[in-house]
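>>> quick one: sequence and predicted model below, then my questions.
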Amino acid sequence: NSEKAGAKTATFPKMLSFIDKLTYRVTEFLLDVDSSGSTSEDAARAIAYAIRTKLSRIVDFKLKGGATDSGGGGTKASLVRELIKISLATVHYRMNTCVTHNLQTTLRNAVLNCFGSGGSEKGKKGEIKYRKNPMQ
């Protein structure tokens, strides 16, 4: 979110990733991290602007999926509708929410289950507790 108290806009990172069919590798671009307004319409326009200004050589470009958080403007089905309205997304667009947060939570839970919190839950400096692998 914006650093300004009471701000009506949020910082909105716009990333693009795709599978390169020649190398079978995922290619990622960080288009920008500009403000995007407070509605899904604003967010869709911001995405379109970022793509138009950073990837101007690509013609007839359609998004097939994306991920957002689940709060504020530019989220879930309302963003998909706006992207389709401006012909930036296909009608079969797939939306995921909170993907990054869920990945971080998954990693955090695995570390806590394996090593414990090391006192970090109590505001103390954390330490890693090493355990011997039971398979060894």
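That came through, no problem.
>>> isn't residue 93 up against residue 67?
No: using CB atoms under 8 Å, residue 93 is not in contact with residue 67, being 11.4 Å away. From N, CA and C alone the C-beta is placed, and that goes for glycine too.
>>> looking at the two, which one has more neighbours?
A count of neighbours by other CB atoms under 10 Å puts residue 93 above the other of residue 93 and residue 67, at 18 against 13.
>>> any idea which helix or strand carries the residue nearest to that one when sequence neighbours are not counted?
Once flanking residues are discounted, residue 93 sits nearest to residue 80: 5.1 Å by CB to CB, 6 or more residues apart in numbering. Taking DSSP states H and E as the definition, residue 80 sits inside helix 76-85.
>>> what lines up beside whichever helix or strand comes after that helix in the sheet?
Sequence-wise, the next helix or strand downstream of helix 76-85 (DSSP H and E) is strand 89-97. Strand pairing for strand 89-97, using DSSP bridges, gives strand 63-68 (parallel).
>>> quick one, the partner strand and helix 76-85 angle?
Going by axes from the mean of the first three to the mean of the last three CA atoms, to 10 degrees, strand 63-68 is angled at 150 degrees with respect to helix 76-85.
>>> which parts of strand 63-68 are buried?
Applying a neighbour-count criterion of 16 or more other CB atoms under 10 Å, one finds 63, 66, 68 buried in strand 63-68.
>>> what is the nearest of those residues to residue 89?
Proximity of those to residue 89 (CB to CB) peaks at residue 63, which lies at 4.4 Å.
>>> got the contact list for the residue nearest to that closest one when sequence neighbours are not counted?
Nearest non-adjacent residue to residue 63, counting by CB to CB, 6+ apart: residue 89, 4.4 Å away. By CB atoms under 8 Å, 6 or more residues apart in numbering, residue 89 lies in contact with 62-64, 66, 80, 83.
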